[in-house]
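K.L.:
let me see the structure of the following:
(one chain, ligands or ions: 2)
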Amino acid sequence: MIENQIEIAVQIIRNGGLVAFPTETVYGLGANAFNPLAVAKIFELKERPSFDPLIVHVASIDDLHALTENADRNVIRLAEKFWPGPLTIVLLKSKLVPDIVTSGLNTVGIRMPDNDIALKLIRAANCPIAAPSANKFGQLSPVSAEHVKKQLPNVDYVLDGGNTSVGIESTIVSIEGNVCSLLRPGVITIADIENALPNTFIFNSEKPEKLIAPGLLKSHYSPVKPLYIICNKAFCFPEASGFILHGGKDFIHKESKIIYTSHTFNYLEIAANLFSALHAMEDDEHIKQIFIEPVTEVGLGIAIMDRIKKASYKYQLA
Ligand code: TXA
Ligand code: MG
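P.N.:
Residues are numbered from 1 along each chain as shown. Ligands and ions are numbered 1, 2, ... in the order given. Modelled structure (predicted):
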């Protein structure tokens, strides 16, 4: 019974432990956001650099007010439109938020996940939950409980909610008055934000002066095997290759493993299945390298290509 699992998880959170839990995007590795010692364990287990701040998860829009004093009209409008859902809003933090959560920044990222188990957990624990994705730093994000256990076998507890539905991490925006900046693309696009905030200047900070969100690192979300973007389907692919395709039916390579994230280039399907496909290729001992088909960078395609480029960055052919 999931209710019993949630009760166990709540006790662990209250006692300063770590619980991996499902959200609609990817699994999170959670601790009580108001307990700095518990939050420190997240950095330790993930081997995450201390300069990389965490997102705080809440269960209602009202919970915003404990975390920030800057929940103005635009913020509430975004929250009402997109929460619960895959949008993280970065705001000036209140004094209640420990510095370790924000890596010393004066801002905090906040979101309300669209997942019943996550919402029940936050409500029953009666505290906001700080959680990065439940993977080792830089590696593939987990979209199932099994993916979490593969990378973090020593986590105190994993709440198993099956596969996540959205499959890629939340869109991140920072907002100050009438200026809203996109820090990480996701399924909620710039056009969606523009529609919700018609009188606001939306700034796409693809090339920030300084690193404000390590999700903007060029290499991130990487499998442990080489991953290459397919540029030329006539390329002479090596033996033991895995192919991740999204609908390119003309592309058949005998004796190779092929995983389709979609058969019709449906971007929601591709996003939902992208990390699962990468995990499956990573886990298959017969596969030595992975080739992935690119998508067109429009709409949700921008977020999908963001993850694909970062996952393959280390292995770019010169
Ligand atoms: O969908 C998601 O956002 C998932 C689920 C678990 O909620 N979480 C997630 O967390 O992707 P993580 O830690 O893997 O990525 C969060 C990103 C990091 O790149 C971090 O630098 C950025 O959010 N971030 C967090 N707080 C920030 C802040 N105050 N200012 C700028 N960036 C921030
Ligand atoms: Mg992550």
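K.L.:
now the helix of greatest length in the chain: mean pLDDT?
P.N.:
For the chain, the helix with the greatest residue count under DSSP state H is helix 267-283. Across helix 267-283, the average pLDDT comes to 97.
K.L.:
burial measure for residue 52, as a count.
P.N.:
By other Cβ atoms under 10 Å, 16 other residues sit near residue 52. (Glycine included, C-beta is placed from N, CA and C.)
K.L.:
surely it touches residue 103?
P.N.:
Yes. When contacts are counted by Cβ atoms under 8 Å, residue 52 is listed as touching residue 103 (6.1 Å).
K.L.:
low-confidence stretches in the stretch 201-318 of the chain?
P.N.:
Counting by pLDDT under 70, the stretch 201-318 of the chain shows low-confidence ranges at 205-217, 249-255, 317-318.
K.L.:
80 - rerun?
P.N.:
Scanning the stretch 201-318 of the chain for pLDDT under 80 picks out the ranges 203-219, 233-234, 248-255, 316-318.
K.L.:
quick one: the helices in it?
P.N.:
267-283, 301-312 (DSSP state H, counting those that start in this stretch).
K.L.:
and the ones you listed as a markdown table, adding distance to residue 114 and mean neighbour count?
P.N.:
Shown next, in a markdown table, are these (distance: least, Cβ to Cβ, whole Å; neighbours: other Cβ atoms under 10 Å):
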| stretch | distance to residue 114 | mean neighbour count |
| --- | --- | --- |
| helix 267-283 | 14 | 22 |
| helix 301-312 | 16 | 21 |
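K.L.:
now render these as CSV, adding distance to ligand 1.
P.N.:
Listed next are the helices of the stretch 201-318 of the chain as CSV, based on distance: least, Cβ to the nearest ligand atom, whole Å:
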stretch, distance to ligand 1
helix 267-283, 11
helix 301-312, 11
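K.L.:
okay if I get those helices as TSV plus distance to residue 94?
P.N.:
Output for the helices of the stretch 201-318 of the chain, formatted as TSV (distance: least, Cβ to Cβ, whole Å):
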stretch	distance to residue 94
helix 267-283	33
helix 301-312	30
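K.L.:
between those, which one is nearest to residue 230?
P.N.:
Closest approach to residue 230 among those (Cβ to Cβ): helix 301-312, 10.3 Å.
K.L.:
could you list the domains of this structure?
P.N.:
2-204, 227-311 (automatic domain parsing).
K.L.:
give me whichever of those is most buried.
P.N.:
domain 2-204 (a mean of 20; mean count of other Cβ atoms under 10 Å).
K.L.:
straight-line length of that domain, end to end?
P.N.:
Taking Cα to Cα, to the nearest Å as the measure, domain 2-204 stretches 40 Å from start to finish.
K.L.:
give me the nearest residue to residue 312, chain neighbours excluded.
P.N.:
Spatial nearest neighbour of residue 312, chain neighbours left out: residue 227 (4.4 Å); criterion: Cβ to Cβ, 6 or more residues apart in numbering.
K.L.:
kindly report the same for residue 63.
P.N.:
Excluding its sequence neighbours, the residue lying closest to residue 63 (Cβ to Cβ, 6+ apart) is residue 128, at 6.1 Å.
K.L.:
kindly report the same for residue 280.
P.N.:
residue 259 (6.1 Å).
K.L.:
let me see the contact set for that neighbour.
P.N.:
Shown in contact with residue 259 (Cβ atoms under 8 Å, 6 or more residues apart in numbering): 242, 243, 244, 245, 277, 280, 281.
K.L.:
picking that back up, contacts for the longest helix of the chain, please.
P.N.:
By Cβ under 8 Å, 6+ apart, helix 267-283 touches 26, 140-144, 147, 150, 163-168, 187, 221, 223-225, 227, 242, 244, 246, 257, 259, 261-262, 287, 290, 295, 299-301, 303-304, 307-308, 311.
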